[in-house]
Every structure is written in C-alpha cells, then in structure tokens.
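Engineer: need a structure here:
(2 chains)
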Amino acid sequence: GAVVSQHPSWVICKSGTSVKIECRSLDFQATTMFWYRQFPKQSLMLMATSNEGSKATYEQGVEKDKFLINHASLTLSTLTVTSAHPEDSSFYICSAQTGLNSYNEQFFGPGTRLTVL
Amino acid sequence: RKEVEQDPGPFNVPEGATVAFNCTYSNSASQSFFWYRQDCRKEPKLLMSVYSSGNEDGRFTAQLNRASQYISLLIRDSKLSDSATYLCVVNNQAGGGNKLTFGTGTQLKVEL
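Structural biologist: You can find the predicted model right below:
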C-alpha cells in the first residue's frame, strides 16, 4: 500500500514556541492531504483539508492563523502550530489521498505526538 | 448528538470468541463507510470498507443498514492480535475532497 511519513514522530517544546510537522507521501502523488488531531480517549478530529497549490479549508473551530498549513507540492504538506500552548498537546496525524472519489482510500501517516510544557 | 456513535467498551473476550461491534451515524447523506483499526498510540489503519450488500474479509464481516443508519463489524475466531480499538468511519463528500468522520472507537481486548 501507499506510504505516508510524518516528521517528527514526537516533539516536546516550551509554551510560546512554534512547531512544524511535515507530512510526505513517499510513493504516490497526493491530490489532497488532511490534518487530524486526537486527544486522549477521543476520536480523530479533522482539522483541515488541503489541496496542492491552494489554501487549506479549515473545520469549524480550528484557527487558521494558529495552525498554518502549507501544501507546496503533491508529496508534501506541513502543519505549523504557532505559539503552542499546553492545550495544543495532542496526537497530530496527516493523511493523503489521490483523486476526489469518496472511495479513494486515505493513507495515514504514523502521527506526531506534541507535548507543550 | 455525535455524528458517529460507538460503544467505547472495552470488550474483553476469550481467544476464539465471536464479537460484534455496532455503530450509528447521523448524516443520512453519508456516502461511504469504513472500519479502521487503531493500535495504542499508533495511526488508524483501514480494516475494510463497508458495502450496502454486506461484505466479508476472512474472519471479518461488515454490514450496513442505510435505512437505520447503522453499521456493524463481526469478528469470528478472535485472536490475541485482534486486540485494538476499532473505529467506525463515515465519509461525507466535501468540496474539493472527502471528509472522514471518526467514531471514538470500541476497544477490544482478546485474552487467553
């Protein structure tokens, strides 16, 4: 199956710093990439959808100025958590998809565990 | 009401048992349905898609009832390695892409 990587796997940072997370599709071109986060014992929640070369579409309640998404190529999307605070500590997972058909599988990255002190 | 609802469990079953999970979804316009498996502190992985006619993949059987907006997953002859959280996932087509909505998951523990 298709492989999606994420870096870093985990990061611990101080409150107020910014953290960038990379999501790469390694063996396919991703028309669309998605960013999710998952708090302990909760479901994955979609944060935003990004298409290569265009602005991301954010879900209700997700601040676009705090969670900056760049999808510069068909194989790379980045999520920057700006001025991170302890409440941003979560498991951030990206997924990548080819095509727009609802049956196109989304391939998930291994996730990035962010801890903000 | 949550868009996708599941019993969180945990379900503790002995090895070899048959176990079933249920899920309901609220959006009648949902287009496609899936079961994902998520191991502790890992990303979700697709287990199987769910089709209206019902479908089977080895020990796993999925059923969809659109009228009742209900999805099920049956695991036969459960193995220790089946221990995980099973996520019911519904796909609603959004502008320019898809939107997966995840349930909180049902935790399964298979024991000796």
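
Engineer: so what's A:Q29 up against?
Structural biologist: If you count contacts by Cβ atoms under 8 Å, 6 or more residues apart in numbering or on different chains, A:Q29 has them with A:L74, A:T75, A:T98. The C-beta positions use only the backbone N, C-alpha and C, and glycine is treated the same way.

Engineer: buried subset of these?
Structural biologist: A:L74, A:T75, A:T98 (16 or more other Cβ atoms under 10 Å in any protein chain shown).

Engineer: which residue, neighbours along the chain excluded, lies closest to the second one?
Structural biologist: It stands for A:T75. In space, and not counting its chain neighbours, A:T75 is closest to A:S25: 4.9 Å by Cβ to Cβ, 6 or more residues apart in numbering or on different chains.

Engineer: got it, and the first one?
Structural biologist: Spatial nearest neighbour of A:L74, chain neighbours left out: A:Q29 (3.9 Å); criterion: Cβ to Cβ, 6+ apart.

Engineer: tell me the centre residue of chain A?
Structural biologist: Taking Cα atoms, centre = their mean, the centroid of chain A lies closest to A:W35, which sits 3.3 Å from it.

Engineer: wait, isn't that one in contact with A:T78?
Structural biologist: No: in this structure, A:W35 is not within contact of A:T78 by Cβ atoms under 8 Å, at 9.7 Å.

Engineer: overlap in contacts, these two.
Structural biologist: Shared contacts of A:W35 and A:T78, counting by Cβ under 8 Å, 6+ apart, come down to A:C23, A:I69.

Engineer: got any ranges where the chain has weak pLDDT?
Structural biologist: In the absence of a named chain, this looks at chain A. Along chain A, segments meeting pLDDT under 70 span A:1, A:99-104.

Engineer: ah, I was thinking of chain B
Structural biologist: For chain B (pLDDT under 70), the answer is B:93-97.

Engineer: show me what the longest strand seen in it is in contact with.
Structural biologist: Across chain B, the strand with the greatest residue count (assigned by DSSP state E) is strand B:84-94. For strand B:84-94, contacts defined as Cβ under 8 Å, 6+ apart pick out A:43-44, A:49, A:57, A:102, B:3-4, B:6, B:21, B:23, B:25, B:27, B:29-40, B:44, B:47, B:71, B:73, B:98-103, B:105-108.

Engineer: filter these down to the buried ones, ChimeraX style.
Structural biologist: To isolate the buried members of those in ChimeraX, using 16+ other Cβ under 10 Å:
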select /A:43,44,49,57,102 /B:4,6,21,23,25,30,32,33,34,35,36,37,38,44,47,71,73,98,99,100,101,102,103,105,106,107,108
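
Engineer: tell me which of the contacts of strand B:84-94 fall in helices.
Structural biologist: When the contacts of strand B:84-94 are checked against helices using DSSP state H, none is located there.
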